[in-house]
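Visitor: sharing a sequence plus its predicted fold:
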Amino acid sequence: MNDVILSVDHLSFRYGASETLSDVSFRVRRGDFVALAGPNGAGKTTLMKLVLGLLDGYEGDIELFGTPRSAFRDHRKVGYLPQRVNTFNPLFPATSGEVVGLGLLSGKRLPKRLDGADRERIREALRSVDALDLEHSPIGSLSGGQQQRVFLARALVSDPELLVLDEPVTALDPEARARFYALLTRLRSEEGKTVVMITHDIPHAGEQGGTLLYLDKSVVFFGGFDEFCRSKSMEGKFGYFDQHVICHQHTT
């Protein structure tokens, strides 16, 4: 079981009287790529916020690296790229390097200050996402794709084992999206990162290989993309046309 990074068992959650998640169970193993997909309102972001400890009040069990979520303290093992990072006011008073440095402060004791070794780690994180040239640029002056790379660098700067990415390609043009997926491939193949990515971009996510977790308050499908594409039950759920579009098999 020590290769299991994330374990979710019989997880349920309500916002007031409304049930958002119902009896959700799955495992993510070291080195996996999991695309978390589903319709709007399916509970995808809520699920990841529960995993990350940003929400409480759930039923069921969550473990990170073999530790119950309530007792998990080694937060530097997890890097998080939230949704909609590209909304900064152009006058926001921080450089890209300073934004990336925020990913190191949570692990420091008071007074929280960055030293020379930290600054080198910031540069290395920016270098890893091809954004070192943006280190001194105001974050608000950058394009959406550039901001996305900077915030990914912030998620990477503590050298996490697990990356949780919430709709990371939504604001990216096709060229920037291709670069982003190439970066994910490199992070997994060269650095052994485990990735859970919330996405509506199922076809391109499928090109990463790995696993599709399709959620609609409960787990509709959890398995390989090839299995999804061959599944008659999923064809019944999605319809022949939509399933084959997802799988790049529709040619009209």
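Guide: The structure has been received and is ready for your questions. Residues are numbered from 1 along each chain as shown.
Visitor: not counting sequence-adjacent ones, nearest residue to L52?
Guide: For L52, ignoring the flanking residues on the chain, the nearest one in space by Cβ to Cβ, 6 or more residues apart in numbering is Y80 at 6.0 Å. The way it works is simple: take the backbone N, C-alpha and C, and place the C-beta from them, glycine included.
Visitor: surely that neighbour is in a helix?
Guide: No - counting by DSSP: H, G, I helix; E, B strand; the rest coil, one finds Y80 to be strand, located in no helix.
Visitor: so where's the stretch 51-200 of the chain uncertain?
Guide: Along the stretch 51-200 of the chain, the model assigns pLDDT under 70 to residues 84-91, 106-112, 171.
Visitor: what ranges does it have for its strands?
Guide: If DSSP state E, counting those that start in this stretch is used as the criterion, the strands of the stretch 51-200 of the chain fall at 59-64, 67-68, 78-81, 162-166, 194-198.
Visitor: compare those strands and give me the one nearest V129.
Guide: strand 78-81 (10.9 Å; Cβ to Cβ).
Visitor: for burial, what's the neighbour tally of the residue nearest to L52?
Guide: By the other Cβ atoms under 10 Å criterion, the neighbourhood of Y80 contains 20 residues.
Visitor: which residues touch it?
Guide: For Y80, the set of contacting residues under the criterion of Cβ atoms under 8 Å, 6 or more residues apart in numbering consists of 52, 155, 163-164, 166.
Visitor: okay, the angle between the helix or strand containing R27 and strand 162-166?
Guide: Element membership of R27, judged by DSSP states H and E, is strand 18-29. Using axes from the mean of the first three to the mean of the last three Cα atoms, to 10 degrees, the direction of strand 18-29 lies 140 degrees away from that of strand 162-166.
Visitor: strand 18-29 pairs with which strands?
Guide: Strand 18-29 has the following sheet partners, assigned by DSSP bridges: strand 4-15 (antiparallel).
Visitor: quick check: angle from the strand it pairs with to strand 59-64?
Guide: 150 degrees.
Visitor: closest to E207 out of the strands of the stretch 51-200 of the chain?
Guide: Closest to E207 of these, according to Cβ to Cβ: strand 194-198, at 12.4 Å.
Visitor: other SSEs contacting the closest one?
Guide: Using 3 or more Cβ pairs under 8 Å, 6 or more residues apart in numbering; DSSP states H and E as the contact criterion, the neighbours of strand 194-198 among helices and strands are strand 18-29, strand 33-37, helix 44-52, strand 162-166, helix 174-191.
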